[in-house]
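In: when you get a sec, could you give me coordinates for this:
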Amino acid sequence: MAITTHDTETDVQDRAILVSLVTDKIKRTGIDPELSLQELVQLAETAGVEVLDVLRQNKETPDSRWFIGKGKVEELRMAADALGANTAIFDQELSGAQVRNLEEALDLKIIDRTQLILDIFAGRAKTREGIIQVELAQLSYLLPRLSGQGKNLSRLGGGIGTRGPGESKLETDRRHIRDRITELKRQLDEVVKTRELHRERRRKAGAVQVALVGYTNAGKSTLLKQLTDADVYIENQLFATLDPTSRVLELAGGKEVVLTDTVGFIQNLPHDLVASFRATLEEVNEANLVLHVVDASSPMREEQMEIVQSILQDLGAAGTPQIVLFNKIDLCQPEQLEMLPTGTGYLKISAFNPEDLTRITEIIADELAGETLNFRIPGDRGDISSLLYRVGEVLETTYDENDVLYNVRLNKEDYDKWGYMLADFVDQQ
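Out: Numbering: from 1, shown residues only. The predicted structure follows:
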């Protein structure tokens, strides 16, 4: 989905120069500027932008007027003229005033990293929830920058209100945007309540939930499709999946779990986007187990893993049991494979290898497995027998007169949840 202007009847292909400013603050945060810039190239290409060149600048602090230095602005203008660029994409967030000043000086459309990500999300959102979340994030981003939006304002569809009597266009725009944000939040609250009802229903049904998380384009959707035959969109692009997809996965022994694919993480994920998608991301908090899918072939593998762990920490899910799946080993060089951690909690896989898929279901079953208990269930208590099959792994069944004897493996969390119904049927013999 290309970022396009709508000033004419024909959409114009974006031909962009990418700009990265590395400040002392960025160096102190530990953010890798080169990783971020490589991702910006991928983001631009995902959005359908033709990347013509990349400009870098090291500076103690951003310039309050131009963000980059005045000399670099002139260098950017000359490069744009020489290459025929019509857009400049900055790897950091810009203020409204900086956007306006750069547009006036360069006669280019000015986009920053956050806007670019929001554009991609806008093109990928398909469900009502996803569409609401993206529009809310876009408007939350736009509102404080409204005075700086010149060429870009029409990109959100135009018509954000009409001139009111005695009001400037800017004031009217602000009022309508605030009203729209209020309405979107109301709609999102309704969706969140519905999502919570679904979660509660799954909890009451004893459903065990497993969440796929990972850096964008690590292969989560492919893994979901391979494990469950899910009909999900798969593409070698950033943020190919936006809306969470849940499917039932049958483990060895017949136990079923709910496997949920989540939106991919990325460095410098926009704050407004995280806030808007929090209800979706909180699916991770409901999980009994997290599968952290890693692109083992990525040269930035370690940095990407750290970013995922940091976001899980922010979501409050850092303490959830986790298995790391090093995916795409078929694309790895031998030296890359040798550097991958081994042992408990790690698995090297290719999502296209049937043997690896079997190993994943086995390790999920092992991780979720708990102690083995014997239950004596009267023959007329089919509800309890059914519950055992739902929440545990029935290893053996025998019959004793009017009772059915079950040998069942139950994890601690499930027993804590359902013990009040099962405790009277535990066979101590």
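
In: and residue 76, how far is that from residue 70?
Out: 11 Å (C-beta to C-beta, to the nearest Å). To be clear about C-beta, it is placed using only N, CA and C from the backbone, and glycine gets the same treatment.

In: same thing with residue 260?
Out: Distance from residue 260 to residue 70, by C-beta to C-beta: 49 Å.

In: and for residue 36?
Out: 24 Å.

In: with neighbour numbers in mind, choose between those two.
Out: residue 36 (20 against 11; other C-beta atoms under 10 Å).

In: now do the helix or strand hosting that one: which elements does it pack against?
Out: Element membership of residue 36, judged by DSSP states H and E, is helix 33-46. Applying 3 or more C-beta pairs under 8 Å, 6 or more residues apart in numbering; DSSP states H and E, one finds that helix 33-46 contacts strand 15-22, strand 50-58, helix 113-124.

In: which one of those lies nearest to residue 363?
Out: Closest of the helices and strands packed on helix 33-46 to residue 363 is helix 113-124, at 30.7 Å (criterion: C-beta to C-beta).

In: buried stuff in stretch 172-189?
Out: 173-174, 176-177, 180-181, 184, 187-188 (16 or more other C-beta atoms under 10 Å).

In: can I get the CA coordinates of that stretch in PDB?
Out: Output in PDB follows, covering the C-alpha atoms of stretch 172-189 (Å, rounded to 0.1, in the frame of the first residue of the first chain):
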ATOM      1  CA  THR A 172     -12.500  23.400  13.700                       C
ATOM      2  CA  ASP A 173     -10.200  20.600  12.700                       C
ATOM      3  CA  ARG A 174      -9.000  20.200  16.300                       C
ATOM      4  CA  ARG A 175     -12.500  20.200  17.600                       C
ATOM      5  CA  HIS A 176     -13.700  17.600  15.100                       C
ATOM      6  CA  ILE A 177     -10.600  15.400  15.600                       C
ATOM      7  CA  ARG A 178     -11.200  15.500  19.400                       C
ATOM      8  CA  ASP A 179     -14.800  14.500  18.900                       C
ATOM      9  CA  ARG A 180     -13.800  11.700  16.600                       C
ATOM     10  CA  ILE A 181     -11.200  10.400  19.100                       C
ATOM     11  CA  THR A 182     -13.900  10.400  21.800                       C
ATOM     12  CA  GLU A 183     -16.200   8.400  19.500                       C
ATOM     13  CA  LEU A 184     -13.500   5.900  18.500                       C
ATOM     14  CA  LYS A 185     -12.500   5.300  22.200                       C
ATOM     15  CA  ARG A 186     -16.200   4.600  22.900                       C
ATOM     16  CA  GLN A 187     -16.400   2.100  20.000                       C
ATOM     17  CA  LEU A 188     -13.100   0.500  21.100                       C
ATOM     18  CA  ASP A 189     -14.400   0.200  24.700                       C
END
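
In: phi first, then psi, for the residue lying closest to residue 399 once chain neighbours are set aside.
Out: Nearest in space to residue 399, with sequence neighbours left out and distances taken as C-beta to C-beta, 6 or more residues apart in numbering, is residue 405 at 7.1 Å. Dihedral pair for residue 405: phi -100, psi 130, per degrees, to the nearest 10.

In: residue 91 too?
Out: The phi/psi pair for residue 91 (degrees, to the nearest 10) is phi -80, psi 0.

In: if we can go back for a sec, including distance to residue 43 and mean neighbour count, could the helices and strands packed on helix 33-46 go into JSON lines?
Out: Below are the helices and strands packed on helix 33-46 laid out as JSON lines (distance: least, C-beta to C-beta, whole Å; neighbours: other C-beta atoms under 10 Å):
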{"stretch": "strand 15-22", "distance to residue 43": "10", "mean neighbour count": "22"}
{"stretch": "strand 50-58", "distance to residue 43": "10", "mean neighbour count": "16"}
{"stretch": "helix 113-124", "distance to residue 43": "5", "mean neighbour count": "23"}
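
In: select, out of these, the one closest to residue 311.
Out: helix 113-124 (14.3 Å).

In: mean confidence for the longest helix that the chain contains?
Out: If you go by DSSP state H, the chain has its longest helix at helix 169-204. Per-region confidence: helix 169-204 scores 84 on mean pLDDT.

In: return stretch 399-412 as PDB; C-alpha atoms alone will do.
Out: Output of stretch 399-412 as PDB, limited to C-alpha atoms (Å, rounded to 0.1, in the frame of the first residue of the first chain):
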ATOM      1  CA  TYR A 399     -13.600 -49.400  34.700                       C
ATOM      2  CA  ASP A 400     -14.500 -50.600  38.300                       C
ATOM      3  CA  GLU A 401     -18.100 -51.600  38.700                       C
ATOM      4  CA  ASN A 402     -20.100 -48.300  38.400                       C
ATOM      5  CA  ASP A 403     -17.100 -46.000  38.400                       C
ATOM      6  CA  VAL A 404     -14.600 -44.900  35.700                       C
ATOM      7  CA  LEU A 405     -11.000 -44.600  36.800                       C
ATOM      8  CA  TYR A 406      -8.900 -42.000  35.000                       C
ATOM      9  CA  ASN A 407      -5.200 -41.400  35.100                       C
ATOM     10  CA  VAL A 408      -4.800 -37.800  34.100                       C
ATOM     11  CA  ARG A 409      -1.900 -35.300  33.700                       C
ATOM     12  CA  LEU A 410      -2.900 -31.800  34.900                       C
ATOM     13  CA  ASN A 411      -0.800 -28.700  35.100                       C
ATOM     14  CA  LYS A 412      -0.900 -26.800  38.300                       C
END
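
In: contacts for that stretch next, please.
Out: Under the criterion C-beta atoms under 8 Å, 6 or more residues apart in numbering, residues 208, 253, 288, 368-379, 385, 388, 391-398, 427 lie in contact with stretch 399-412.

In: tell me which of the residues you listed fall in helices.
Out: Reading helices off the contacts of stretch 399-412 with DSSP H, I get 368, 385, 388, 391.

In: my guess is the last one contacts residue 414. True?
Out: Meaning residue 391. Yes: assessed by C-beta atoms under 8 Å, residue 391 is found in contact with residue 414 at 4.7 Å.

In: look at the two and report which has more neighbours.
Out: Shown here are residue 391 and residue 414; by other C-beta under 10 Å, residue 391 has more neighbours (22 against 19).

In: check contacts around that one.
Out: Going by C-beta under 8 Å, 6+ apart, the list of residues near residue 391 reads 206, 208, 410, 414, 417-418.

In: dump the ones in helices among the contacts of stretch 399-412 into JSON lines; add distance to residue 202 and pLDDT as well.
Out: Formatted as JSON lines, the ones in helices among the contacts of stretch 399-412 follow (distance: C-beta to C-beta, whole Å; pLDDT from 0 to 100):
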{"residue": "368", "distance to residue 202": "15", "pLDDT": "80"}
{"residue": "385", "distance to residue 202": "21", "pLDDT": "91"}
{"residue": "388", "distance to residue 202": "18", "pLDDT": "89"}
{"residue": "391", "distance to residue 202": "12", "pLDDT": "81"}
